[in-house]
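[1] Fold the stuff below for me.
(one chain, ligands or ions: 1)
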Amino acid sequence: MHRRHFLVAVLCLSLGGLHADLVVLSSGRTLEGRLIEATDQELRLETFAGPFRIPKARVVRHDPKGGGDFAKYEAAAQAGEKDPSAQLALAKTCLGHRVFARAREHLVRAAALGVEEAKTAALSQEVDKAEAAWRKGLPQPVGVLLKVGTVQVLDEKERTWLIDRVEAASALLFRITNGGLYIQEVVVDVGSPKGHLVYDRAFTGTPEGSGSIPMGPVNWDPAVVVHEMGHALWGLPDDDSAGSGGKWGVSKYPCVMAHQWDQGFGPCCRQRLSAAFRKERLSEFFDRLEEECEGFVPDTQVTWKGAPAPKQARP
Ligand SMILES: [Zn+2]
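    Numbers count the residues shown, from 1 in each chain. Modelled structure (predicted):
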């Protein structure tokens, strides 16, 4: 839901000299590539790992002459445009950088320029194998268990609505954590005032607490649910400017508590979540850029306690 205003479109491809850009993110991650455009808010960078939009708030260093490897690659790509063996070499370079799509492009080009099929097929197999191994090593989204109590016995319509809200919160959590966390299971204890969160039809106040947090119908907004989950599941503190008093969603310390995608993760949130999910390597998700966060939110399993599940299947 972040809007982008391209106020100043500045830089286009400049091919003079063997220079490309090096960008260091606040996480310490470095990216080499070619700057395509710079605006007040972000840099657009063509890198070995694909094209990225990088929020300026996350950039700690930008060296327009630091991207030596990328510059060499670009020069070789230009020089070897019609050279079959150069295309093979470029495919190997891309394979080395794990840029599998580009590696395949160079192989197709090599084949079109007359490289014998046995050679391109062997390298193509190598690319497939390397990509499969890389994918296998990627951390998987981590599912969390959310316990919800309800003060009243809910009717069928209310139950369906509640699960819709939980699923929306799961989607938001997934997006906020760059595909790292989602609600794998929600256990709804109907008629019990205990849980991480407690649905209360009559509640009109502000949700507060660190467990069994009361939530009235207006409180089941995905951002609020995720915020209260931060308290109840991970003991995260309130942000100065989140919720009461401050402007919602604007935060000095962005986090699941008050998320601003372009600011990355605040240090406290990062530390606590990384510690809570050390085994699952959650911290690896924090450095991802938007373009690396595609994918579907895994389904949320619903378990009803104290009442039968709604009869009607939801669409
Ligand atoms: Zn709070």
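
[2] use CA for all of it now, contacts and neighbours both
    Fine.

[3] Quickly run through the sheet partners of the host helix or strand of residue 182, with directions.
    With elements taken from DSSP states H and E, the one containing residue 182 is strand 181-190. According to DSSP bridges, strand 181-190 has the following sheet partners: strand 142-150 (parallel), strand 301-305 (parallel).

[4] what's the closest of those to residue 48?
    When the strands paired with strand 181-190 are ranked by proximity to residue 48, the top entry is strand 142-150, at 27.5 Å, counting by Cα to Cα.

[5] How far does that closest one sit from its chain's centre?
    The chain centroid and the centroid of strand 142-150 are separated by 21 Å under Cα atoms, centre = their mean, to the nearest Å.

[6] quick one: average pLDDT of that strand?
    With pLDDT averaged residue by residue, strand 142-150 scores 97.

[7] then that strand to CSV, C-alphas only?
    The C-alpha atoms that make up strand 142-150 are tabulated as CSV, following Å, rounded to 0.1, in the frame of the first residue of the first chain:
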residue,chain,number,x,y,z
VAL,A,142,7.2,-19.7,9.4
GLY,A,143,3.7,-20.5,10.6
VAL,A,144,2.5,-19.2,13.9
LEU,A,145,-0.3,-20.3,16.1
LEU,A,146,-2.9,-17.7,17.2
LYS,A,147,-5.2,-18.4,20.0
VAL,A,148,-8.5,-16.5,20.1
GLY,A,149,-11.1,-16.6,22.8
THR,A,150,-14.6,-15.3,22.4
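
[8] related to what we said a few turns ago, among the strands paired with strand 181-190, show me which one is buried the most.
    Here the criterion is mean neighbour count by mean count of other Cα atoms under 10 Å, and of the strands paired with strand 181-190 the winner is strand 142-150, at a mean of 20.

[9] Name the surrounding residues that touch that one.
    With Cα atoms under 8 Å, 6 or more residues apart in numbering as the test, strand 142-150 has contacts from 180-200, 212, 280, 282.

[10] Can you tell me which of the residues you listed are buried?
    180-200, 212, 282 (16 or more other Cα atoms under 10 Å).

[11] Which secondary structure element of the chain has the lowest mean pLDDT?
    Taking mean pLDDT, DSSP states H and E as the measure, the chain has helix 267-276 as its least confident helix or strand, at a mean of 78.

[12] what's it packed up against?
    If contacts are counted by 3 or more Cα pairs under 8 Å, 6 or more residues apart in numbering; DSSP states H and E, helix 267-276 sits against helix 222-234, helix 283-286.

[13] looking at the ones you listed, which is closest to residue 128?
    Using Cα to Cα as the criterion, the shortest distance between residue 128 and the helices and strands packed on helix 267-276 is 23.5 Å, found for helix 283-286.

[14] quick revisit: now do the buried residues in the least confident helix or strand of the chain.
    Of the residues in helix 267-276, those buried under the neighbour-count criterion (16+ other Cα under 10 Å) are 269, 270, 273, 274.

[15] okay, the residues you listed in JSON lines with distance to residue 33 next?
    Below are those laid out as JSON lines (distance: Cα to Cα, whole Å):
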{"residue": "269", "distance to residue 33": "30"}
{"residue": "270", "distance to residue 33": "27"}
{"residue": "273", "distance to residue 33": "31"}
{"residue": "274", "distance to residue 33": "29"}
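
[16] Which parts of the stretch 1-150 of the chain are helices?
    Using DSSP state H, counting those that start in this stretch, the helices found in the stretch 1-150 of the chain span residues 68-79, 84-96, 100-112, 117-137.

[17] I'd like the next helix or strand past the strand holding residue 182.
    As the chain continues past strand 181-190, the following element, by DSSP H and E, is strand 197-199.

[18] by contact count, what packs against the very next helix or strand once past that following strand?
    Scanning the chain past strand 197-199 towards its C-terminal end, the next helix or strand to appear is strand 213-215 (assignment: DSSP H and E). In this structure, strand 213-215 makes packing contacts with strand 197-199, judged by 3+ Cα pairs under 8 Å, 6+ apart.
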